[in-house]
Structures are given as C-alpha cells and as structure tokens.
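Student: quick one, what's the 3D model for this:
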Amino acid sequence: MIYDVIIIGGGASGMMASIIASKNGAKTLLLEHNEKLGKKLYITGKGRCNLTNNSSIENHLNNIITNSKFLYSALNAFSPQNTMQFFLDAGLELITERGNRVYPKSEKSSDVIKTLTKLMNNYKVEVELNADIINVKKSGELFYIKCNNNTTYTSYRLIVATGGLSYKGTGASDFGIKLAKSFGHNIIEPTSALCPIIVKDDIKELNGLSLKNVSLSIEVDKKIVASEQGEMMFTFNSLTGPIALTLSSKINRYNIDNAHAYIDFKPALDEKTLKEKFNREFVTYSKKDLKNYLYTILPHSMVEYFIKHQKLINKKIADMNKEDRSNLINGLKRFDLILKLLDNINVSIVTAGGVDIKQINSKTCESKLVKGLYFVGEVLDLDALTGGYNLQIAWSTGYLAGNSLRG
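Tutor: The predicted structure follows:
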C-alpha cells in the first residue's frame, strides 16, 4: 500500500498535521515510536497544557526568539484564535488565564490528547505505535520507511514531526535531526532553551528562595546582552523561574562561561535615588544592626548570604564607612553572580536549534531540497518564550504542512 503521506512523530505538530491532511482526503499514516501519542504534550504546562496564547499574531511573533519571520505565513494560516476554535469545535472547553494563557477548562492535558485522538479517529488517520524506524530512503517519487517490525511503509510525501531533544523520558531523540542530515539539510546545533542558568558561585544556602519584582541582566564580554524584570528563583546551583528561563533562551547562542548575571533588587529606583533613600535611613536607623536593617528590604533567607557576598560585616549602621555603604548599594543594584553554563538540554522546556529554516518553504513547511519532504514543530530551528507560544508553533506548522496535502 502506498500512502499519500506518512507522518513521523505523534506529538502536537504530528497529530495536527495528520488531522488536517486526512481531512483534506489524503490517505495518512502516523508512526510513533512511543507506546502512546502525545507523551510530551501530557506534561506540558505541568500537566495542564497551556495550548496557546489568546493574543494577536504580532504578539506571538514578538515572543518567538528564533526565526520569527519564518512563522508569519504559518500563524496567518492558523492563528491562535483558529487554534482555540479548532478545539472548541471538537468539544474541548477552554479557559484563558493570566497573561492570556489558554488551557483546557478541565486543566488536564490528557483531555487535549483525547480530543486530538478523537479527531484522528474521525478522519481515519492510521496509527502505528511502538514504531521504531530503522531507515528512511527516497527513490523516485516515493519514500520508503523501514521499521523494526520488518515492515516497510511507502508514501508520496513525508512529514517529520519528531520534536526536539528535551525530556528524554518522553521519548525525545535526535532521530529527526539525523534524518534531515541524511537528506542534505543543514542543522543549527541544538541547544537548551527555557532552562535554568547554572552559576559558579556557591549558592546552596539560597536553594528554593524566590525573588519578586527584581531585574536580572546578563553581561557577556562586558556588554549587557539581555535583561528581564519579574520573578526568579534560586536552586542549589542555578537561577531559574520566569525571568531566568526567558533569559536562557536569549543567551543560548553566547559562550556564557565566566559571563556575569546581575540582580537588581530595587529596579524601580535608580542608583542616585537609592543613595538618597539610604542617606535618610542611615540616620533614622543609625543604631540598628546592618542585618536587622537588611531584613526590612530583602527576603530574610537572603540577608546573611548578601552580607558575606558583599564583604560586609554585621555592625551598627552608624559604624558603616563609605566603602561599606558603597558595597551595600552596589549589591542591591548589581548583585553579581558568575555564570557557568545553561542546564542540560534534557531539562530544558524546549530545544533551540534544529533544521535550518533557510532550506524550508515558509508557506508549506516543505523542504527546498527534497520534494515531498516536510518538517514541522520543534525539529525546526524555531523556539519561543513560555505562555503557549511554542505549542502554537507546533499547531501552525503542523496545520500548514497538512493543509498543503491533498489525496
């Protein structure tokens, strides 16, 4: 049997592509090497599945870190609002929360997977689970996909939806990258994105501490390359939380070994205003110990580490000299940590890098090198910030490829 299209990968983009292709009349087979579909989708959004962001296409493009222009056609063909309507029409109730993040009303990612699976059944998508692929070849107009069950599947077109390298426990692998290479595609080296930033400083005693309303800046080669303001958290060896994760995606193309991270605990006040504030308070609290004073402006579990880090001594405010006061203010505005590297790609939320989009048609997701070969989702060199933007990339590129196929 020759299929109109075979899709490799049963994640978000692969399932979407299969539904749209089959709906268009293409005889469709989806091959998934896991024992079930949507394994990574299941853990998305801590199991709640932030499936898109209910905002404009422009906002989505602004939240895509790598190659946003490539996605202009995909997002216009299948917008965030189209995604929402797609699931609503299939019977999945939705809710929109803070930051326009869209979730299933049940708050269960399993319901998103059930909805997609139901649509695949409705449109008669054939599915083979536990399908480990040995090799993929093309001869003439046909693709030949040989699997470990001694079966070779044949199709006129092939969609690669194998995802990124994050979360190996969900079956993530570099199969799609290797396949792309075998067909002559250039690969942008995969790297971590939306992941903790590991530091060289000993911060074990800060493990679990959360900071709110702070600014975090990254300096590489004495130049600030990225800054974010909001919430962050310390682990035993890294910086994590919303603004640190965002920055990880913005700095993953730099060599950050020995780069600096600066925390501004008082971003609403410039240094001059802060000095004036302290000059007043140093008089008011002159008899207070530095430690007790810092308890009024820093989280309690930060105070002792801060004092050591800034080479201060816990003494009366009145006894602090000019250098002490300068170190205090500098620590509050530019608390310096030395970076080591980004955390392992296996723990990153998404993968940056992948198939070079210069070799992909942005209007169809078809390869410019090999007719009938398509790449969708995270296997492409596309990544975005948190908030539903990465899944929207999957839905839109999956739709684009599926919609370009007819039976």
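
Student: now stretch 395-407: buried residues?
Tutor: For stretch 395-407, the neighbour count (16 or more other Cβ atoms under 10 Å) marks 395-405 as buried. Quick note: C-beta positions are derived from backbone N, CA and C, even for glycine.

Student: same deal with stretch 235-253?
Tutor: 235, 237-252.

Student: which residue, neighbours along the chain excluded, lies closest to Gly11?
Tutor: Nearest residue to Gly11, sequence neighbours excluded (Cβ to Cβ, 6 or more residues apart in numbering): Gly163, at 5.1 Å.

Student: roughly how far does that neighbour sit from Phe375?
Tutor: Per Cβ to Cβ, to the nearest Å, Gly163 is found 11 Å from Phe375.

Student: what's the burial count for the residue nearest to Gly11?
Tutor: 30 (other Cβ atoms under 10 Å).

Student: identify the residues contacting it.
Tutor: Gly163 makes contact with 9, 11, 13, 40, 172, 176, 351, 377-379 under the criterion Cβ atoms under 8 Å, 6 or more residues apart in numbering.

Student: what does it show for phi and psi?
Tutor: Torsion angles at Gly163 (phi, psi; degrees, to the nearest 10) stand at phi 80, psi -170.

Student: work out which residue lies at the spatial centre of the protein.
Tutor: Val350 (3.9 Å; Cα atoms, centre = their mean).

Student: surely that one meets Leu380?
Tutor: No: with contact defined as Cβ atoms under 8 Å, Val350 does not count as touching Leu380 (11.5 Å).

Student: check the residue nearest to the centre of the chain and give its pLDDT.
Tutor: Looking at Val350, its pLDDT is 94.

Student: and it, what does it touch?
Tutor: 164, 166, 193-194, 249, 378, 383-384, 390.

Student: quick one: which of those sit in helices?
Tutor: Of those, the ones assigned to helices by DSSP state H are 249, 390.

Student: now the contacts of Val350 in CSV, with distance to Tyr305 and pLDDT?
Tutor: Supplementary listing: the contacts of Val350 in CSV, determined by distance: Cβ to Cβ, whole Å; pLDDT from 0 to 100:
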residue, distance to Tyr305, pLDDT
Gly164, 35, 94
Ser166, 31, 91
Ala193, 29, 96
Leu194, 26, 97
Ser249, 27, 97
Glu378, 38, 97
Asp383, 33, 97
Ala384, 34, 97
Asn390, 34, 97
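
Student: mind putting the contacts of Val350 in JSON lines, distance to Asn258 included?
Tutor: Formatted as JSON lines, the contacts of Val350 follow (distance: Cβ to Cβ, whole Å):
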{"residue": "Gly164", "distance to Asn258": "28"}
{"residue": "Ser166", "distance to Asn258": "26"}
{"residue": "Ala193", "distance to Asn258": "21"}
{"residue": "Leu194", "distance to Asn258": "23"}
{"residue": "Ser249", "distance to Asn258": "20"}
{"residue": "Glu378", "distance to Asn258": "30"}
{"residue": "Asp383", "distance to Asn258": "25"}
{"residue": "Ala384", "distance to Asn258": "28"}
{"residue": "Asn390", "distance to Asn258": "30"}
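
Student: so what's the residue count around Glu58?
Tutor: 9.

Student: find the residues that touch each one of Gly163 and Phe375.
Tutor: In terms of Cβ under 8 Å, 6+ apart, Gly163 and Phe375 are both contacted by the residues Gly176.

Student: nearest to Ala259, of the contacts of Gly163?
Tutor: Thr351 (21.5 Å; Cβ to Cβ).

Student: picking that back up, out of the contacts of Val350, name the ones that lie in strands.
Tutor: Members of these lying in strands (criterion: DSSP state E): 193, 383-384.

Student: which residues sit against the worst-scoring helix or strand of the chain on mean pLDDT?
Tutor: Within the chain, no helix or strand scores below helix 271-284, which has a mean of 84 by mean pLDDT, DSSP states H and E. Helix 271-284 is contacted from outside by 266, 269, 293, 317-318, 320, 325, 328-329, 332-333, using Cβ under 8 Å, 6+ apart.

Student: can I get the buried ones among these as something I can paste into ChimeraX?
Tutor: Only the buried entries of the contacts of helix 271-284 go into this ChimeraX selection, using 16+ other Cβ under 10 Å:
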select :266,293,317,320,325,328,329,332,333
